[in-house]
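Asker: The sequence and its predicted three-dimensional model are supplied below.
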Amino acid sequence: MELGTHHELPPDKKKIHAKAIRLEWLTIAYLISAVFFIYLTLGSSQAMKTAWFEDMLSLIPPIAFLVAARYRHRPVSEKFPYGFHRAVSIAYLCAALALFSMGGFLLFDAIMKLIAFEHPSIGVVQLFGHQIWLGWLMLLALLYSAIPAAIIGRMKLPLARSLHDKVLFGDATMNKADWLTAGAAMVGVLGIGVGLWWADAVAAAFISLDILHDGLKNLKAVVADLMDSRPTTVDDSAADPLPARIETELEKLRWVRAAAARLREEGHVFNGEVFVVPTSDDALTEKLTAAQRALNELDWRVGDVVVVPIPDLSSLRWRPEAAERP
Amino acid sequence: MRWNRLVVPLVICVTFTTTACDIPRDPEGTLDDVTGGTMRVGVTANEPWVVLAGTEPRGVEVEIVKLFAEELDADIEWFEHSEEGLAHAIEMRTVDLAIGGFTSTNMWSSKVTWTHPYLTTQIVVAVPSDHPVDEDITGLEVAVEKGTGAAGVLEKTDAEVVLVDDVAQVDGPRAIESYLVDDLDLDDTGVRLEESDQVMGVPHGENAWLTKLERFLLTHTETIDEILETEDM
């Protein structure tokens, strides 16, 4: 039995992971520049302020990914016998909480501005000797915060799927949807331009709702993750097929009468137990060790999975169908 | 249906470029009301920007506003207020413009939208032209108007502070507004005690009105300098 050795990615995944790291660094550099440009043109538009916060919050997932990339593959130690895979989930929880609370605050802010009938002012700036309405520059800054983000997001999506990385996936979908945020802010600024003072706060409210929604979605996903819910696909839309595959693979062995996997996700990898009902006790230790090794060969995401012999599956209370099995 | 693909963006473009000329617009129509009508100007006393001694307001900003009204073919109605009263009047849109030597660091931003600074003034340490000019003012006897913020700033320097009632009446080195240096035949030592960016106030969100005023101020910097030279004494 080998436990605590699965802290490395297979070679082909390593390449993809390295590419993801480069893309995340690029994302951070780009987001900082977008945050800077929006800051320069911020004015008193609530929609601009909200889009600005959104861009700053978008910095958290790539940072979380990069921090996790450093820690999660650390070898196990005496103090941390399960390794450091969970580092990702903790980073993810912080990011989701930040999104959720900031979204709530910005929504409140926008609604208060609507209630107070606050009329946003956007004046003139002098640029290279020309006087330009700041609103036009705001629109340019927003365009800059939308288009490259959508492209980078699209590039990260397949990497996230291939790496089964939920932080990367969440980050990519957020980037991809960034044009919506920027578009809403642009409508707000143009609204101010044509004399609709409320357009700005309404656009801001929409953007904050989007941030709030992102936060809630991620919060739900990461809490489920930390609660050791059953593994899901990278977009959290369905149960991951791997546990079922493990069960069928083991049931193919002649000495296994039935198998039931109870796995949890820790970062990229799935850890946990597979319970098997052996037909006989002959050479059981060798058989179990061989089975465990076979599981590690089955898929790179199989981490520390222990194969445990039990007399029958009916005592596994989480399986509704367990009692009906022979 | 290929027509639609061409026509729709074309219509959007044309509408956009034709309306772009009068963007931004005022939600409450201040610029339209003032143009060819009456400009309601709230004033608060602050020499030399607004002087409320005679029957009509005088001062640097009063003269600037008169020029602006001329450009808009508008009559001016003056309203005298305290600073707080003025901020409230702007907030309620009962006046269109607030002047009174306001600077960009003032406290009324929650009620008033301030223009881009149209002029920067400094309080400098200046010496008579027969006096050696040195940026090191350690031990130098510098006169400063008592009870002013500048006096407090000067106290923190190494200069010997001499408190006086009127710096124009003394001889020798003194702390003085930068635009007075030439008039009083002084030399600037290069020591700056304070710097202020002069601004004017308009109601929140009246962006056509705000940009009209800002464009006027930015294109008339030379005229404003001239007004300052003639009005300050």
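Answerer: It's in. Numbering: from 1, shown residues only, chains lettered A, B, ... in the order given.
Asker: Flag every residue of the stretch 51-200 of chain A that's near chain B.
Answerer: By the criterion of Cβ under 8 Å from any Cβ of the partner chain, the positions of the stretch 51-200 of chain A lying close to chain B are A:118-126, A:131, A:133, A:135, A:192-197. For the C-beta atoms, the positions are set from N, CA and C on the backbone; glycine is no exception.
Asker: Just the ones of those in strands?
Answerer: Within those, membership in strands is found for A:124-126, A:131, A:133, as judged by DSSP state E.
Asker: Could you report the distance from residue A:130 to residue B:215?
Answerer: 11 Å (Cβ to Cβ, to the nearest Å).
Asker: Have a look at these two and say which one is more surrounded.
Answerer: For residue A:130 against residue B:215, the residue with the higher neighbour count under other Cβ atoms under 10 Å in any protein chain shown is residue B:215, and the figures read 16 against 8.
Asker: is it true that that one touches residue A:123?
Answerer: No - between residue B:215 and residue A:123 there is no contact, the gap being 9.5 Å when judged by Cβ atoms under 8 Å.
Asker: quick revisit: of the ones in strands among the residues of the stretch 51-200 of chain A next to chain B, just say which sits nearest to chain B.
Answerer: Closest to chain B out of these is residue A:124 (4.1 Å), distances taken as Cβ to the nearest Cβ.
Asker: Who does that closest one form a beta bridge with?
Answerer: For residue A:124, the beta-bridge partners are residue A:133 (DSSP bridges).
Asker: show me the contacts for it.
Answerer: Residue A:124 makes contact with A:131-134, B:116, B:210-211, B:214-215, B:218 under the criterion Cβ atoms under 8 Å, 6 or more residues apart in numbering or on different chains.
Asker: change it to 7 Å
Answerer: Applying Cβ atoms under 7 Å, 6 or more residues apart in numbering or on different chains, one finds that residue A:124 lies in contact with A:131-134, B:116, B:211, B:214-215, B:218.
Asker: From these, list just the buried residues.
Answerer: Burial by neighbour count, 16 or more other Cβ atoms under 10 Å in any protein chain shown: within the contacts of residue A:124 this picks out A:133-134, B:116, B:211, B:214-215, B:218.
Asker: Which members of the residues you listed occur in strands, if any?
Answerer: Cross-referencing the buried ones among the contacts of residue A:124 with the strands (criterion: DSSP E) gives residue A:133 as the overlap.
Asker: Could you tell me which of the buried ones among the contacts of residue A:124 are located in helices?
Answerer: Using DSSP state H, the members of the buried ones among the contacts of residue A:124 that fall in helices are A:134, B:211, B:214-215, B:218.
Asker: could you pull out the helices for the chain?
Answerer: Went with chain A since none was named. So, for chain A - with DSSP H - the helices run A:11-40, A:46-57, A:60-71, A:87-115, A:134-163, A:166-176, A:178-193, A:197-226, A:242-251, A:284-298.
Asker: Wait, chain B was what I had in mind.
Answerer: Under DSSP H, chain B gives helices at B:2-20, B:30-34, B:60-71, B:83-91, B:149-155, B:207-219, B:221-231.
Asker: Burial check on the residue nearest to residue B:33 when sequence neighbours are not counted, number of neighbours?
Answerer: Taking Cβ to Cβ, 6 or more residues apart in numbering or on different chains, and ignoring the residues beside it in sequence, residue B:33 has residue B:96 as its nearest neighbour in space, at 7.8 Å. Other residues lying near residue B:96 total 25 when counted by other Cβ under 10 Å.
Asker: From what I see, residue B:96 and residue B:42 are in contact.
Answerer: No - the pair formed by residue B:96 and residue B:42 falls short of the contact definition of Cβ atoms under 7 Å, at 8.4 Å.
Asker: residues near residue A:230, how many?
Answerer: Residue A:230 is flanked by 16 other residues according to other Cβ under 10 Å.
Asker: ok, and the closest non-adjacent residue to it?
Answerer: Counting by Cβ to Cβ, 6+ apart, the nearest residue to residue A:230 once its immediate chain neighbours are dropped is residue A:239, at 5.8 Å.
Asker: got it, and residue A:143?
Answerer: Once flanking residues are discounted, residue A:143 sits nearest to residue A:182: 7.0 Å by Cβ to Cβ, 6+ apart.
Asker: got the contact list for the one you found?
Answerer: Counting by Cβ under 7 Å, 6+ apart, the residues that residue A:182 touches are A:51, A:142, A:145-146.
Asker: thinking the residue nearest to residue A:230 is in contact with residue A:229, fair?
Answerer: No - with contacts counted by Cβ under 7 Å, residue A:239 stays clear of residue A:229, the gap being 9.7 Å.
Asker: burial measure for residue 204, as a count.
Answerer: All of this is about chain A. When counting by other Cβ under 10 Å, one arrives at 29 neighbours for residue A:204.
Asker: Switch to chain B, please.
Answerer: Counted by other Cβ under 10 Å, the residues lying close to residue B:204 total 24.
Asker: quick one: contacts for it?
Answerer: A:118-119, A:121, B:113.
Asker: repeat for residue A:195
Answerer: For residue A:195, the set of contacting residues under the criterion of Cβ under 7 Å, 6+ apart consists of B:25-27.
Asker: Tell me the backbone dihedrals of the residue of chain B found nearest chain A, please.
Answerer: Residue of chain B nearest chain A, by Cβ to the nearest Cβ: residue B:205 (2.2 Å). Dihedral angles of residue B:205 (phi, psi; degrees, to the nearest 10) stand at phi 80, psi -10.
Asker: Alright, calling it a day.
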